[in-house]
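# I'd like to go over a predicted model; first the sequence, then the structure.
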Protein chains: 2
Amino acid sequence: MKTYVVGHQNPDTDSICAAVTYANLRKELGEEVEAIRSGKINAETEFVLDKFEVEAPKLVKKLKGDEKVVLVDHNEMSQAISGLDMNQIVGIVDHHRLGGIETDGPIFFKNETVGSTCTIITKLYKENGVEVSDQMAGLLLSAILSDTVIFRSPTCTDVDKEIAKELAKRLDLDIEKYGIELFKAGSVISTLSPREIIENDYKEYEFAGDLIGVGQIEIMSLSEIDEVKEDLLEAIEEIVEEKGYKFLVLMVTDIIAEGSLLLFNNEANSDISQAFSVDVKETEVYLDAVLSRKKQVVPVLSDYLA
Amino acid sequence: MKTYVVGHQNPDTDSICAAVTYANLRKELGEEVEAIRSGKINAETEFVLDKFEVEAPKLVKKLKGDEKVVLVDHNEMSQAISGLDMNQIVGIVDHHRLGGIETDGPIFFKNETVGSTCTIITKLYKENGVEVSDQMAGLLLSAILSDTVIFRSPTCTDVDKEIAKELAKRLDLDIEKYGIELFKAGSVISTLSPREIIENDYKEYEFAGDLIGVGQIEIMSLSEIDEVKEDLLEAIEEIVEEKGYKFLVLMVTDIIAEGSLLLFNNEANSDISQAFSVDVKETEVYLDAVLSRKKQVVPVLSDYLA
């Protein structure tokens, strides 16, 4: 039976490229494997797939429940494709916190503290002696640059840099130039509705019984959101109300200035102030040198709520 | 700060050897790491450490709660060293089912579906370009032969065999001959009390709210336990009563005949009969070709209790 490889819900470039490249690796090793996705392709990922002429993986909104599944770029059920049972999982390749998955039998799980799942997948090609095609190299490089914010994220390691440089050299691409092109293509401000902007790269968490949401957009300058900020704040209030969240934080990350403006619902004001020990304006605060949701925002919120 | 490497409670040879060899690998890579153990060294492991002149890791009964810890050969809290908090875990190398561990931040986790943790650790030496000393090779080989029951366990893979053969060749040891010597040295029948025999290689599980225990001893012939069987059954009843278990199963595995005699408490009679769909005698049943607790016994009990 065919095995599916799938990234998290609201897939970003690392999730989509990891699914495609890991499925390709397993196919090259003679296995029957197919990459799928559980949600919409975002503008950045679309740019990548177009550039390297790779078809988007098939959209599967809900699993039937009897498929074998490899998870990439996530290892917690709250972020996984709809319809998934933990015992369908036959493998995991990821770079996040351990998310509490429990299986009846042993499975393959490779989790490393690097900046991108595609860094680990590039290593798996090497370990298995499988040649990386130009198409796959393009996807792997793009995902690493995307997930490490062109090496600027604190999650970025020397291993990510080394592997990205190898891939870029082989594709004859300038990392900084291609990276900025990639992020510009992915800038969601001009193409999406306020609600879509928030949900474009979005994760839901439950800590000590409280449900919260943390979205992130990465832009080249904070001035890009001037015109839509009020609409974003309105959409945040709407989602909090709808989902019964304790709060929702949207990280508007300026990748050139290397900091994030947090936007949040009105009621979250004192929570955010206490969690980060900062003075906040009504519904926003700028945090210098904060770029990583996973490493700098979610742990702080998790500690605060615990 | 120093990082501890530790196997599961009631450590077997794979747990002890994995802790020692993995700590050694990380030391060779320049890190400050120490192997520890959370329980008594069994007779088989003692034989191995003596043979290859390696000191037993330090016994730590309870962690203080601020140490950094790498888990080897287990990844569930119910089997972990006392005093451990999930957020102390900085790495895991294992070959078991995923046990639901959850951390705040990303950590290194390498779980593979092979027969022994030491198989994975041998691969990690290779991946990191670190030379395996004769002492470490002896420990790695012994653990692989122990955990795969000299390649007879259904958990054993071609990777385990290939790596064990390389290690044996290098040490100039005959695998079958050394394996039998190892298992004879480890036979617990003559050296331990009935209760110690049960708890020598023992795991506790919770399924759907029911607490159960599954112990395993491996012997060269079932006749070895003739004289202690009644005492074992008495000790089983005693532990069940004491711990409030639903039931306790002791697998007495005949590694030459390749089957296991299950001994259990009186009240478990119909549970075991239903779980395995077999006719059982009062407090025992022989299951041909059943050698693996992890793959052939625990999943059956987990399904039955679910």
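That came through, no problem. Numbering: from 1, shown residues only, chains lettered A, B, ... in the order given.
# from what I see, residue A:292 and residue A:153 are in contact.
Yes. Applying Cβ atoms under 8 Å, one finds residue A:292 in contact with residue A:153, separated by 5.1 Å. The C-beta positions use only the backbone N, C-alpha and C, and glycine is treated the same way.
# ok now stretch A:155-170, how far from the chain's centre?
Distance of stretch A:155-170 from its chain centroid, counting by Cα atoms, centre = their mean, to the nearest Å, is 18 Å.
# what residues of it count as buried?
Across stretch A:155-170, burial judged by 16 or more other Cβ atoms under 10 Å in any protein chain shown covers A:155-157, A:159-161, A:163-164, A:166-168.
# what of stretch A:262-281?
In stretch A:262-281, counting by 16+ other Cβ under 10 Å, buried: A:262-265, A:268-269, A:271-272, A:275-276, A:280.
# what of stretch A:193-202?
Residues A:194, A:197-202 are the ones in stretch A:193-202 that count as buried (16+ other Cβ under 10 Å).
# kindly export it (C-alpha atoms) in CSV.
What follows is stretch A:193-202, C-alpha atoms only, in CSV (Å, rounded to 0.1, in the frame of the first residue of the first chain):
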residue,chain,number,x,y,z
SER,A,193,-7.3,39.4,2.8
PRO,A,194,-6.5,40.3,6.4
ARG,A,195,-7.9,37.0,7.7
GLU,A,196,-5.9,35.1,5.1
ILE,A,197,-2.8,37.0,6.1
ILE,A,198,-3.2,35.8,9.7
GLU,A,199,-4.0,32.2,8.7
ASN,A,200,-1.3,32.0,6.0
ASP,A,201,1.3,30.6,8.4
TYR,A,202,-0.6,29.8,11.5
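# and the stretch 1-150 of chain A, which residues reach chain B?
The stretch 1-150 of chain A has residues A:86, A:89, A:95-113, A:127 near chain B, with proximity defined as Cβ under 8 Å from any Cβ of the partner chain.
# what's the end-to-end length of stretch A:195-208?
One end of stretch A:195-208 sits 27 Å from the other (Cα to Cα, to the nearest Å).
# right, is it up against chain B?
No. Contact of stretch A:195-208 with chain B (Cβ under 8 Å from any Cβ) is absent, the minimum separation being 9.9 Å.
# run through who's touching that stretch.
Residues outside stretch A:195-208 that contact it (Cβ atoms under 8 Å, 6 or more residues apart in numbering or on different chains) are A:8, A:10, A:12, A:42, A:78-79, A:188-189, A:192, A:211-217, A:228, A:232, A:235-236, A:238-239, A:243, A:248, A:250, A:293, A:298, A:301-302, A:305-306.
# in helices only, show me these.
A:232, A:235-236, A:238-239, A:243, A:298, A:301-302, A:305 (DSSP state H).
# ok, of those residues, which come out buried?
Buried, going by 16+ other Cβ under 10 Å: A:232, A:235-236, A:239, A:298, A:301-302, A:305, out of these.
# let's have the residues you listed in CSV, adding pLDDT and distance to chain B.
Formatted as CSV, these follow (pLDDT from 0 to 100; distance: Cβ to the nearest Cβ, whole Å):
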residue, pLDDT, distance to chain B
A:232, 97, 28
A:235, 97, 29
A:236, 97, 25
A:239, 97, 25
A:298, 95, 8
A:301, 95, 10
A:302, 93, 6
A:305, 92, 12
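# residue contacts, the nearest residue to residue A:33 once chain neighbours are set aside?
Excluding the flanking residues, the one nearest residue A:33 by Cβ to Cβ, 6 or more residues apart in numbering or on different chains is residue A:26, at 4.1 Å. Neighbouring residues of residue A:26 by Cβ under 8 Å, 6+ apart: A:3, A:5, A:33, A:70.
# quick check, residue A:26 in a strand?
No. Counting by DSSP: H, G, I helix; E, B strand; the rest coil, residue A:26 is not part of a strand but helix.
# sorry, back to before: which ChimeraX command selects the buried ones in the contacts of residue A:26?
Typed into ChimeraX, the line below selects the buried ones among the contacts of residue A:26, using 16+ other Cβ under 10 Å:
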select /A:3,5,33,70
